[in-house]
Structure formats: C-alpha cells, structure tokens
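Visitor: please find the sequence and the predicted model below.
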Amino acid sequence: MSPRVVPRTGRPVAGIRLKTWSEIRMMREAGRIVAEVLAAMRTMVQSGVTTAELDRWAEDYIRRRGGIPAFKGYPSMKDEGGPPYPATLCTSVNHVLVHGIPGPYRLREGDIISIDVGVNFRGYYADAAITLPVGSIPPEVRRLLEVTEAALWAAIAQARPGRRLGDIQWAIQHTVESRGFRVAREFTSHGIGRALHEPPSFVNLGHPGRGLPLRPGMTMAIEPMVTMGDWRTRILEDGWTVVTLDGSLAAHFEHTIAITEGDPIILTALEDDPRLAS
C-alpha cells in the first residue's frame, strides 16, 4: 500500500531507525507470508473469479499462518475521518493504479490486475505487489507489466551502501520513461518495519547521486507505479480507489527489501536468503 505523502524529491528524512539482524529476520517472516499469498494469486487469477474471492482466500491464509492483514482497517489517507481500508488485498484492475477495493467484479479475459498485500507478523511488517494478466493481453500491455517489473529490479540493484536515495528514484524513472511509459507521481515508495509506513517516503523519480545516503539496516518497500498514458490520478468517492485521470492502464510491482553491507535482501521473495540463517 503506497502512501500519498509526496516530499521533495531526494530530500533527506529524519527519524529513520536502522534495523538489527534480529528485526530483519522478523520482517522476513512477514515477508514469507506475503510471498506465499502472491504466489497463490498467480494461479488463482483467472477469468470469472471475483476480486472478493481473492481477498477472502488471502485473509484466511494470512491468519492461518499467524499473521494479521496489514491493510485491513488502515486509516484513510484521503481525508481525516474518512473510511478505513476495508479489505486484506488491494485489487487494482486495468485503469486502477492502486488501492482498488475487492468486491463483486469478475475478472475478464484481457484484464490486468495489480494485487498488493501487506502482513503484520508479531509486530513487524512486509508489503509487496505484482501485476498479473488475465488470460491473453496485447503485446503493448504485456510490455507495460515487463517494464514496471524491470524498474523494480533496477531500483533494488541500487539499494546498497555508498548509494543515495536518488539512485533508487532515478533507476525507476529512467527505466520507465526511456521505454515510453510514465511514473505515477502522487504516490510513493516508503520505509517499513515496525509500522507499515516509516520514513523515508519518496517519489519514484529523482536524480542520481542526490538525497539520503543509504545505510545497512534500512528497510524499504520499493514500488514503481506506472501508467501507459498521463501520470495524473484521482481518488474515487470511496476514499481509496486511485484511477488514472485519462483512463489509461496502470501497473504496480513492489518488494520489501533490507539494505546490508553487500547486496540487498529481498524480504518478500519466496526463496530464503542464506544470510538470514546465520
């Protein structure tokens, strides 16, 4: 789930608490459940399935694994006193960028759906998202998905000591814009750990070599959100669903990562990183 707070690009943010290895291992337990849910979604997403059915399965699975759905009941990010988020998953179909609320909609051949899920496991959080096709989709739409995921991996590759936050931001922006798509500018990637949203909150575009220095122990949910057309968005009357202003298709990929002395650890991957066992 992406916050709507938009700081100045690359601006250092105070209040970041570096995580210990023990805390990173706890976040991995939350991330493992997230990864398992998203892996199941790859099989469950098909024509005729409702987004509410996906949501019910995900909530049941998370609770059986000892986790708590991180999004359900989350306070409104649109207006003070607005409705809390009512579901476990965000299911964002076609022109919905993020925060689509599960309901009676039945997936149809040719749709794309972004599924975002967060888990609280014993007080530690992880958050990840994927965008999936429903059956066959046109080549240009498949390219949207491929470029958005490529932007995520390009950003993760920059998440190491000696780099700056702007390097992560630029990796996303350059990957996306050099291939003719647009980065959504009104929602952000974010820190994560003991809370779903921690500092730093940062837009997915910036300048290399600028901004907050990256240090071991930082944990982030990096989430490119990309559109085929105009990057501008609006929030629907439900207070949550974010759609592209021009109705163009949108994609969303996300992983929770930990910065280490070497390569980053992807805490929402299915596979275990051997460094977490030591």
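Guide: Cool, got the structure.
Visitor: could I get the buried residue list for stretch 148-158?
Guide: 148-152, 154-156, 158 (16 or more other CB atoms under 10 Å). (C-beta placed from N, C-alpha, C; glycine too.)
Visitor: looking at the residues you listed, which is nearest M44?
Guide: Lowest distance from M44 to these (CB to CB) belongs to E149, with 19.4 Å.
Visitor: residues in contact with the closest one?
Guide: Each residue near E149 by CB atoms under 8 Å, 6 or more residues apart in numbering is listed here: 131, 253.
Visitor: can I get the strand or helix carrying it in CSV? Just the C-alpha atoms.
Guide: Applying DSSP states H and E as the criterion places E149 in helix 139-157. C-alpha atoms of helix 139-157 as CSV (Å, rounded to 0.1, in the frame of the first residue of the first chain):
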residue,chain,number,x,y,z
PRO,A,139,1.8,-7.0,-26.6
GLU,A,140,2.0,-3.4,-25.5
VAL,A,141,0.1,-4.1,-22.3
ARG,A,142,2.4,-7.0,-21.6
ARG,A,143,5.3,-4.6,-22.2
LEU,A,144,3.8,-2.3,-19.5
LEU,A,145,4.0,-5.1,-17.0
GLU,A,146,7.5,-6.1,-18.0
VAL,A,147,8.9,-2.5,-17.8
THR,A,148,7.3,-1.9,-14.4
GLU,A,149,8.8,-5.0,-13.0
ALA,A,150,12.2,-4.2,-14.6
ALA,A,151,12.0,-0.8,-12.9
LEU,A,152,11.6,-2.5,-9.6
TRP,A,153,14.7,-4.7,-10.1
ALA,A,154,16.7,-1.8,-11.4
ALA,A,155,15.8,0.1,-8.2
ILE,A,156,16.7,-2.8,-5.9
ALA,A,157,20.1,-3.1,-7.6
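Visitor: now do the helix or strand following that helix: distance to the chain's middle.
Guide: Later in the chain than helix 139-157, the nearest helix or strand by DSSP H and E is helix 165-177. Relative to its chain's centre, helix 165-177 lies at 16 Å (CA atoms, centre = their mean, to the nearest Å).
Visitor: from the contact counts, what lies against helix 165-177?
Guide: helix 139-157, strand 182-183, strand 198-202, strand 219-222 (3 or more CB pairs under 8 Å, 6 or more residues apart in numbering; DSSP states H and E).
Visitor: re the thing from before, of the buried residues of stretch 148-158, closest to F202?
Guide: Nearest to F202 among the buried residues of stretch 148-158: A155, at 10.5 Å, using CB to CB.
Visitor: pretty sure the closest one sits against A171.
Guide: Yes: with contacts counted by CB atoms under 8 Å, A155 reaches A171, the gap being 4.5 Å.
Visitor: could you give the mean pLDDT of the longest helix seen in the chain?
Guide: In the chain, assigned by DSSP state H, the helix with the most residues is helix 21-44. Taken as a whole, helix 21-44 has a mean pLDDT of 98.
Visitor: just to revisit the earlier point, now the buried residues of stretch 148-158 in JSON lines, with pLDDT and distance to A35?
Guide: Listed next are these as JSON lines, based on pLDDT from 0 to 100; distance: CB to CB, whole Å:
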{"residue": "T148", "pLDDT": "98", "distance to A35": "18"}
{"residue": "E149", "pLDDT": "98", "distance to A35": "15"}
{"residue": "A150", "pLDDT": "98", "distance to A35": "19"}
{"residue": "A151", "pLDDT": "98", "distance to A35": "20"}
{"residue": "L152", "pLDDT": "98", "distance to A35": "14"}
{"residue": "A154", "pLDDT": "98", "distance to A35": "20"}
{"residue": "A155", "pLDDT": "98", "distance to A35": "18"}
{"residue": "I156", "pLDDT": "98", "distance to A35": "15"}
{"residue": "Q158", "pLDDT": "98", "distance to A35": "22"}
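Visitor: farthest-separated two in the residues you listed?
Guide: Spanning the widest gap among the buried residues of stretch 148-158 are T148 and Q158, at 16.5 Å by CB to CB.
Visitor: can you get me a residue count around the nearest residue to T91 once chain neighbours are set aside?
Guide: Nearest residue to T91 in three dimensions, chain neighbours excluded: T51, at 3.9 Å (CB to CB, 6 or more residues apart in numbering). T51: 24 surrounding residues under other CB atoms under 10 Å.
Visitor: which ones are touching T51?
Guide: Contact analysis of T51 by CB under 8 Å, 6+ apart lists 89, 91, 93, 100, 102-105, 107, 113.
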